[in-house]
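K.L.:
Fold the stuff below for me.
(chains A and B)
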2 protein chains.
Amino acid sequence: MSPIAPESVRRVACVGAGVIGGGWAAHFLARGYDVTAWDPAPDAEARLGRLITAAWPAVEQLGLADGASPDRLTVTDTLEDAVAEAQFVQESAPEKLELKRDLLAELDAATASDVVIASSTSGYPMTDMQTTAARPGRLVVGHPFNPPYLIPLVEVVGGEATESWAVDWASAFYTAAGKSVITMERELPGFIANRLQEALWREALHMVAAGEATVADIDASITEGPGLRWAFMGPCLTFALAGGEGGMAHMLDHFGPSLKAPWTRLAAPELDDALRSAMVDGCADAAGERGHADLVAERDQGVINVLRATGRLPRRAGEQA
Amino acid sequence: MSPIAPESVRRVACVGAGVIGGGWAAHFLARGYDVTAWDPAPDAEARLGRLITAAWPAVEQLGLADGASPDRLTVTDTLEDAVAEAQFVQESAPEKLELKRDLLAELDAATASDVVIASSTSGYPMTDMQTTAARPGRLVVGHPFNPPYLIPLVEVVGGEATESWAVDWASAFYTAAGKSVITMERELPGFIANRLQEALWREALHMVAAGEATVADIDASITEGPGLRWAFMGPCLTFALAGGEGGMAHMLDHFGPSLKAPWTRLAAPELDDALRSAMVDGCADAAGERGHADLVAERDQGVINVLRATGRLPRRAGEQA
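P.N.:
Just a heads-up that it's a prediction; the model follows:
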């Protein structure tokens, strides 16, 4: 294989132009790429135009790449026209396995064999989607978060038939295109962030179904609580900080027993020595040279910045709501 | 009962002065209250001093209430001295049921019967904790998030023996003290936010235990992804927006089947008509007069503000990491 260098890519194709595919198109346009797009829906071009128009003020604020323009979008009549000249293809079709399988096989047939094709699937393993493609080695998952033009994360992972160069290439390309990449070593349905999101989401649905909380309660419980921290400090390091100077080790030893309490409908894992060490060591690695006081100061400043940024500093005593 | 008006409270007691109790003390001091604190640990006073010193620059940035000062803290030698003059008591002892039960009974005995006593418990229902108190009617849960001086949320709920005036009083007091309150109609182990957090946390532990993700992957997957949105838009409204112009109804109809996929170790609830309606109607209520385009614009501006506030605007195409 002699694929183009990831940072030399100029033309990308977005196949499927709904909320996610259109969001990808907005992102790549903002980063200065030429973008071709195709979608079988009759109103796709108009809808895509509305989406990019709505996204543009946001991407302008982030700072456009040199030469970036919404005019560098071409909506094509056929899938083949969309990908013929593309140096990278982002597939964002509806979340149906058969459909994705067929579409990826078509994209494979319509592109040179050294062009990486990434699927935006939010949960299917590439191993299950690449079964009918003739040259599945360059098929990867590149799973974004909505909207792709603002949320940095992309999860990159290959399937069993994916060649390792394609995973490396995709990770390098997304990084060059301004994304924040997690490259996964092995397939996991739902990848990482969606598994976490989905666990939270299922618990929320359970609570609404049981009449235990409303949609408003659930949303407020996150935005006024853990969500403020999670914008800049993940759940592991956040939990470690809640352990005070004892950190993650203290938290696991202290709250280990309550893992057995029926707090969620999700069964708890066995908190054995290996898991305990993985969590404690992982948090130590994450902290690096920063001591407990440094992390507390960083977290506090982070929350204040986020509260300011979202216009929600707490009311002062005596002020009215 | 003729309790003091919630907005007239001037003296509060913090019983238990670890990370949470100390964080409460910092919050109440910053909001201009006189605070008494008691903790049985021999080094409690020194540790509490360090915690308040570390918190003070943060609460100063939020803006102190008139007259607020760390000097208005008194650490007492006995529990009785701490609560004798208090107009509100916040209990933040370690998370052990027997200990909390005994401590709440002691606090009950040491305070006038119209003083509301709130427990910071992160999971025990008040019904299980108030069993040995002589006058359990004024015992409530007031569950904060760490650090209490920065994260607005408090979940307020009573137990079976709690009188409704005490729940109302606590909600009004916390609001006057600058907190954001969710008052729960019924007890639910883990309350709302912790149930959601805990579901995510359990899934994270499962992934680490199975070697599917590292601590670093998990934290990055949240801070670079969903965590950015959750700082200002909860999971329900976020999910509704991902449905494009079709909103929550489209998302439930489209992704309903994938709820059955084994994405998390948590069993999915049945997505019946009642649950579907509760979710769709709840999101419609949350949106209010704001149409889809308004919400998209609001979300986009929110993410940009949070990215700016946390120093993490995406890199531009061509820039090096």
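K.L.:
domains in chain A, as residue ranges please.
P.N.:
A:6-183, A:225-309 (automatic domain parsing).
K.L.:
Most tightly packed of the ones you listed?
P.N.:
Sort the domains of chain A by mean neighbour count, taking mean count of other C-beta atoms under 10 Å in any protein chain shown, and domain A:6-183 sits at the top with a mean of 21. For the C-beta atoms, the positions are set from N, CA and C on the backbone; glycine is no exception.
K.L.:
what about it, near chain B?
P.N.:
Yes - using C-beta under 8 Å from any C-beta of the partner chain, domain A:6-183 reaches chain B at A:7, A:18-19, A:31-33, A:54-55, A:57-58, A:61-63, A:65, A:94-95, A:123, A:145-147, A:150-153, A:155, A:175-180, A:182.
K.L.:
cool, and stretch A:201-216?
P.N.:
Yes - using C-beta under 8 Å from any C-beta, we find that stretch A:201-216 touches chain B at A:201-209, A:212-216.
K.L.:
now A:Leu73, nearest residue through space, not along the chain?
P.N.:
Excluding its sequence neighbours, the residue lying closest to A:Leu73 (C-beta to C-beta, 6 or more residues apart in numbering or on different chains) is A:Val35, at 5.0 Å.
K.L.:
Could you list everything the one you found pairs with in the sheet?
P.N.:
Beta-bridge partners for A:Val35, by DSSP bridges, are A:Val12, A:Leu73.
K.L.:
Which neighbouring residues are in contact with it, exactly?
P.N.:
A:Arg11, A:Val12, A:Ala13, A:Cys14, A:Ala25, A:Phe28, A:Leu29, A:Arg72, A:Leu73, A:Thr74 (C-beta atoms under 8 Å, 6 or more residues apart in numbering or on different chains).
K.L.:
Helices of chain A, residue ranges please.
P.N.:
Ranges of helices within chain A are A:19-30, A:44-62, A:79-83, A:97-110, A:126-129, A:164-176, A:193-209, A:215-223, A:226-230, A:235-242, A:247-255, A:273-287, A:292-309, based on DSSP state H.
K.L.:
Save those as a markdown table, and put in mean pLDDT too.
P.N.:
Listed next are the helices of chain A as a markdown table, based on pLDDT from 0 to 100:
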| stretch | mean pLDDT |
| --- | --- |
| helix A:19-30 | 96 |
| helix A:44-62 | 91 |
| helix A:79-83 | 97 |
| helix A:97-110 | 97 |
| helix A:126-129 | 97 |
| helix A:164-176 | 98 |
| helix A:193-209 | 91 |
| helix A:215-223 | 92 |
| helix A:226-230 | 90 |
| helix A:235-242 | 85 |
| helix A:247-255 | 82 |
| helix A:273-287 | 86 |
| helix A:292-309 | 81 |
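K.L.:
and A:Ala166, how far is that from A:Gln130?
P.N.:
Using C-beta to C-beta, to the nearest Å, A:Ala166 is found at 11 Å from A:Gln130.
K.L.:
Now the common contact residues for those two.
P.N.:
Listed as contacting both A:Ala166 and A:Gln130 by C-beta under 8 Å, 6+ apart are A:Leu139.
K.L.:
now the end-to-end length of stretch A:111-123.
P.N.:
Taking C-alpha to C-alpha, to the nearest Å, stretch A:111-123 runs 24 Å from one end to the other.
K.L.:
Stretch A:11-30 too?
P.N.:
Terminal residues of stretch A:11-30 are spaced 13 Å apart (C-alpha to C-alpha).
K.L.:
for that stretch, the distance to its chain's centre please.
P.N.:
15 Å (C-alpha atoms, centre = their mean, to the nearest Å).
K.L.:
before we move on, what about stretch A:3-23?
P.N.:
With C-alpha atoms, centre = their mean, you get 16 Å for stretch A:3-23.
K.L.:
so A:His27 touches A:Tyr149, yeah?
P.N.:
Yes - judged on C-beta atoms under 8 Å, A:His27 makes contact with A:Tyr149 at a distance of 3.9 Å.
K.L.:
what sits in contact with each of these two?
P.N.:
Common neighbours of A:His27 and A:Tyr149 are listed as A:Val59 (criterion: C-beta under 8 Å, 6+ apart).
K.L.:
thinking again about what came up before, filter the residues of domain A:6-183 next to chain B down to just the ones in strands.
P.N.:
A:Leu153, A:Glu155, A:Ser180, A:Ile182 (DSSP state E).
K.L.:
now the third one, nearest residue through space, not along the chain?
P.N.:
Leaving aside its sequence neighbours, A:Ser180 sits nearest to A:Pro152 (C-beta to C-beta, 6+ apart; 3.6 Å).
K.L.:
A:Ala118 too?
P.N.:
The shortest distance from A:Ala118 to any non-neighbouring residue, by C-beta to C-beta, 6+ apart, is to A:Gly142 (3.3 Å).
K.L.:
show me what contacts the one you found?
P.N.:
Taking C-beta under 8 Å, 6+ apart, we find A:Gly142 in contact with A:Gln90, A:Ala118, A:Ser119, A:Ser120, A:Val154, A:Glu155, A:Val156, A:Ala170, A:Tyr174.
K.L.:
cool, A:His143 as well?
P.N.:
Going by C-beta under 8 Å, 6+ apart, A:His143 touches A:Ser119, A:Ser120, A:Thr121, A:Ser122, A:Val154, A:Glu155, A:Val156, A:Val157, A:Phe191, A:Asn194.
K.L.:
Run through the bridge partners of it.
P.N.:
Beta-bridge partners recorded for A:His143 (DSSP bridges): A:Glu155.
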